[in-house]
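**Q** Sequence and predicted structure, then a few things I'm wondering about:
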Amino acid sequence: MRCLWLTLCDPDPPVNGQFLYSSGLIRAAAGAGLDLTVVGLPRDADAPKRRNENGVDWIFVEDCPASRLSRICSPLPMLVTRSQVPEMEQTVEALLVGNDWDAIVLDSIACGWLLRRLLAYRARRQAKIVYLSHNHETTVGRYLANAAHGVRKAYKALDAAKIASFERRLARAADLVTANTPEDCEKFSAMIDGETVPFLPPGYGGPRVEVRRIGRHLPRRAVVVGSFDWPPKRLSIEAFLMAASGPLAESGVELQIVGSSKPSFLAGLRQRYPTIEFTGPVDDVRPYMAQARLALVPDQLGGFKLKSLDYVFNRLPIFAMDVAVPGTPMVDGSSIRLFPSHAALAQGVIDAIDDVEALDRQQELAFAACADCFDWHTIGRRLADHVRRLRQDAEPTVRHDLERGLARAS
């Protein structure tokens, strides 16, 4: 099957959760037999505009984003307008005119501004539209609006309303919507009149530590690993540090924050929290995980956290907020420990940091629970099967397909 795959930008190197998910899905879907042409923005302006890799035809367009003011004034949400550049529009139009695609994949909401063109193409050619959601963006938008203050709150509230309206329109227009957590599957299903939304978790292709023992030879240290470029992650880490830095320091528990973010953001955190170590970007996170007794997921928002898989397969017991790690088979109290607040999370770390036997049991149970659940090849086959099934169940007439798409998009 020939698929046109529209994504925000080149996901390689996959330095954050969005890129990891896109990169993994693209390669897994290609490995399952889908013939993919992927279009997106480049992340390196000097990189070739086109490459062919393992059967995937990658096309990168010139990135000339509109001004921030024009994007704010657009009827579309900010998330959607980032990739709305002239060469993306021209390239996609040329690919639609000159090819017969079986399916068109929207990899996240980022290229959703092309929806009307895709609906018109579907009406002519009966190609199927697939929306691979990365988050339930309506929930994320409301969270950011509620966390904002002053004039920024009004702007975020307006953008959240745009997101809610547009995401509903996109989900109802698509022939298939997927989500990467069971909770988001339910939210999207409610948007589209109870239709089934397949669960499509990320896979894990990194190293697996076969044996590790957590003992008193390790520092009394907790670690947070990840990229902190996404606004909800920055809000969560700031809120956690405000609640936890004092109690952890008083108890002699080290906290290490490992990962990239804007230098100004990290500089501000270092100034406010001198007892916490902020490494900034590192070449390899594994040595930092190997020298910690436990790992934290202080996120206040749902959505699959790919760093939880890094923790599990590097055999670090996870302490997390109770909304932070949906979509995994870990069980609170045995293979993971969940807490209702940042203060409770900090106290849970303090109470458990010296019980190394319990921490060791926890990481063993987590590894066993997740060992067979996050295979990219299996996930790629699942996605490919869903797309093929769409073609098998194609509507009998072009007119009915057009009427259905326009009705669901309204």
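**A** Arrived safely, thanks for sending.
**Q** who are the neighbours of the helix or strand that contains residue 120, in terms of helices and strands?
**A** If you go by DSSP states H and E, residue 120 is part of helix 115-125. When contacts are defined as 3 or more CB pairs under 8 Å, 6 or more residues apart in numbering; DSSP states H and E, helix 115-125 sits against helix 86-97, strand 103-107, strand 128-132, helix 150-173, helix 398-409. C-beta here means a position set from N, CA and C on the backbone, and glycine is covered the same way.
**Q** possible to save those as JSON lines with mean pLDDT?
**A** Converted to JSON lines, these look like this (pLDDT from 0 to 100):
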{"stretch": "helix 86-97", "mean pLDDT": "96"}
{"stretch": "strand 103-107", "mean pLDDT": "98"}
{"stretch": "strand 128-132", "mean pLDDT": "98"}
{"stretch": "helix 150-173", "mean pLDDT": "96"}
{"stretch": "helix 398-409", "mean pLDDT": "46"}
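**Q** circling back to that earlier point, give me the mean pLDDT for the helix holding residue 120.
**A** Averaging pLDDT along helix 115-125 yields 96.
**Q** Stretch 388-396 too?
**A** Averaging pLDDT along stretch 388-396 yields 76.
**Q** What sits closest to residue 281 if chain neighbours are left out?
**A** Distances taken as CB to CB, 6 or more residues apart in numbering place residue 260 nearest to residue 281, at 3.9 Å, with adjacent residues excluded.
**Q** low pLDDT regions in the protein?
**A** Along the chain, the parts satisfying pLDDT under 70 run over 394-410.
**Q** was I right about residue 200 contacting residue 178?
**A** Yes - Residue 200 is in contact with residue 178 according to CB atoms under 8 Å; the separation is 4.2 Å.
**Q** if I look at those two, which residues touch both of them?
**A** Listed as contacting both residue 200 and residue 178 by CB atoms under 8 Å, 6 or more residues apart in numbering are 132, 383.
**Q** tell me the contacts of residue 290?
**A** Contacts of residue 290 by CB under 8 Å, 6+ apart are 212, 314.
**Q** Which parts of the stretch 301-410 of the chain are strands?
**A** Assigned by DSSP state E, counting those that start in this stretch, the stretch 301-410 of the chain shows strands spanning 318-321, 337-339.
**Q** Would you mind finding the most buried of those strands?
**A** Comparing the strands of the stretch 301-410 of the chain on average neighbours per residue, with mean count of other CB atoms under 10 Å, the densest one is strand 318-321 at a mean of 24.
**Q** hmm, who's touching the strand or helix carrying residue 28?
**A** Using DSSP H and E, residue 28 falls within helix 17-31. Contact with helix 17-31 is made by 3, 5, 7-8, 11-14, 36, 38, 54-56, 107-108, 132, 134, 180, 200, 202-203, 205, 226-227, 230, 304-307, 376-377, 379-381, 383-384, 387, as judged by CB under 8 Å, 6+ apart.
**Q** what element comes up after that helix heading to the C-terminus?
**A** Counting by DSSP H and E, what follows helix 17-31 is strand 35-41.
**Q** which secondary structure elements does that next one contact?
**A** Using 3+ CB pairs under 8 Å, 6+ apart: strand 35-41 touches strand 2-9, helix 17-31, strand 56-60, helix 86-97.
**Q** Which one of those lies nearest to residue 287?
**A** Closest of the helices and strands packed on strand 35-41 to residue 287 is helix 17-31, at 20.0 Å (criterion: CB to CB).
**Q** I'd like the distance from the closest one to the chain centre, please.
**A** 11 Å (CA atoms, centre = their mean, to the nearest Å).
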